[in-house]
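K.L.:
Have a look at this prediction, sequence included:
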Amino acid sequence: MHPIDLHTHSTRSDGTFTPAELVQYAHKKGLSAIALTDHDTADGIAEAVQAVRALKAQASGPGRDDARALPVPELIPGVELSTEYKGRDIHIVGLFIDWRNPSFTEKLREFADARVLRNRKMGRLLTKAGYPVTMAALERAFPGTVITRAHFAQYLLDRGMISSIDEAFTKLIGDDGPCFVPREKISPQDAVGFLLRYGAVPVLAHPLQYKMSDKDLLKLVSSLRDIGLVGIETFYCTHKPADTAYLSRIAERCGLLPSGGSDFHGTRKKNLDLGTGYGHLYVPDTILPPLRAKAGKAGTETE
């Protein structure tokens, strides 16, 4: 049995590994499957698929017993959508997305465009506060990427305007910061419906991050289940065994499938590693077949 990781990010959003590097690292760590779930974009999937193909060719070549010793990870195409529910930022992961469908990717671009409008406003506020940054400058510094607050922080750090990433969030662009601008978001119900229309498998991401009461969390999960939510992240990098057990009970009560992953961002999240999170995460490969069985035909075509 090999571990899997169904929640990761690359340089196409706010990770520091390219999609290819992410696949190669998953192979090195012995993962049998990995989902690339960048924020509001599927632009990295094609590169990740090519990396899987290269690893398969390498493993089947002569004299490469070392490559054959580890599994070539299955690439699960995914995305992470930011939504808003009663003033909270709720994330919905889509697994087995139809990433080749122009209609699907165009809708994702609309979600990303909402980020662009927010980012321009944040840039103006930061500049006014004495931290000059523009959207054009961010795009030059991080080409081909969906710009997030993490990129603002990295930009300011790289130019010596702050002393740490944490300072950017606590002082400037955190949820309560003077330069933070919330972006217009869809509801989690809309996100679930959107993913289902294109044959994807919607999963509620890191539910304990929302700091909801048991009653309110169950209400949210039940309402999303009623419109087609398939899974919930019972496994996550910050979960203790009691957390996983608690969420497993919610999943069973609501008829949802377990999912999970590290939420790996490369070097951007200190001490958080792919597959193992902060050292105690283990996502078993046994949870993958039931999730795959819920995907539409298009969503299962990873190569």
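P.N.:
Okay, I see it.

K.L.:
domains of the protein?
P.N.:
Listed by automatic domain parsing, the domain ranges of the chain are 4-106+188-300, 116-173.

K.L.:
now those in TSV, with distance to Phe180, mean pLDDT and mean neighbour count?
P.N.:
Heads up, the C-betas are built off the backbone N, CA and C, glycines and all. Shown next, in TSV, are the domains of the chain (distance: least, Cβ to Cβ, whole Å; pLDDT from 0 to 100; neighbours: other Cβ atoms under 10 Å):
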stretch	distance to Phe180	mean pLDDT	mean neighbour count
domain 4-106+188-300	12	93	19
domain 116-173	5	92	17
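
K.L.:
Please convert those to TSV, extending it with distance to Val181.
P.N.:
Output for the domains of the chain, formatted as TSV (distance: least, Cβ to Cβ, whole Å):
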stretch	distance to Val181
domain 4-106+188-300	13
domain 116-173	4
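
K.L.:
ok, Thr37 - contacts?
P.N.:
Shown in contact with Thr37 (Cβ atoms under 8 Å, 6 or more residues apart in numbering): Leu6, His7, Thr8, His9, Gly78, Val79, Glu80, Val93, Gly94, Leu95, Gly261.

K.L.:
what about Ile76, is that helix, strand or coil?
P.N.:
Here Ile76 is strand, with the state taken from DSSP: H, G, I helix; E, B strand; the rest coil.

K.L.:
Pretty sure it sits against Val93.
P.N.:
No: Ile76 is beyond contact range of Val93, at 10.3 Å (criterion: Cβ atoms under 8 Å).

K.L.:
Next, the distance between the ends of stretch 267-274.
P.N.:
One end of stretch 267-274 sits 11 Å from the other (Cα to Cα, to the nearest Å).

K.L.:
mind checking the SS state of the residue nearest to Asp263 when sequence neighbours are not counted?
P.N.:
Nearest non-adjacent residue to Asp263, counting by Cβ to Cβ, 6 or more residues apart in numbering: His7, 5.0 Å away. Put simply, His7 is strand when judged by three-state DSSP.

K.L.:
His7 and Gln154, how far apart?
P.N.:
Between His7 and Gln154 the distance is 21 Å, computed by Cβ to Cβ, to the nearest Å.

K.L.:
need the contact list for Arg12.
P.N.:
Arg12 makes contacts with Pro19, Asp38, Thr41, Asp43, Gly44, Gly144, Thr145, Val146, as judged by Cβ under 8 Å, 6+ apart.

K.L.:
ok, now Ile287?
P.N.:
Ile4, Phe235, Leu257, Pro258, Ser259, Gly260.

K.L.:
if I look at Lys211, how far off is Ile92?
P.N.:
Computed with Cβ to Cβ, the distance linking Lys211 and Ile92 is 18 Å.

K.L.:
wait, which of the contacts of Arg12 is closest to Leu125?
P.N.:
Val146 (20.0 Å; Cβ to Cβ).

K.L.:
most centrally placed residue in the chain?
P.N.:
Taking Cα atoms, centre = their mean as the criterion, Thr37 is the residue nearest the geometric centre of the chain, at 3.8 Å.

K.L.:
what bridges to the closest residue to that residue other than its chain neighbours?
P.N.:
Spatial nearest neighbour of Thr37, chain neighbours left out: Gly78 (3.9 Å); criterion: Cβ to Cβ, 6+ apart. With DSSP bridges applied, Gly78 shows beta-bridge pairing to Leu95.

K.L.:
all helices of the chain, in order?
P.N.:
For the chain, applying DSSP state H gives helices covering 19-28, 45-60, 65-68, 102-128, 135-141, 149-158, 165-168, 188-197, 214-226, 241-254, 288-293.

K.L.:
thought Ile232 was touching Leu208?
P.N.:
No: counting by Cβ under 8 Å, Ile232 does not reach Leu208; the two are 10.6 Å apart.
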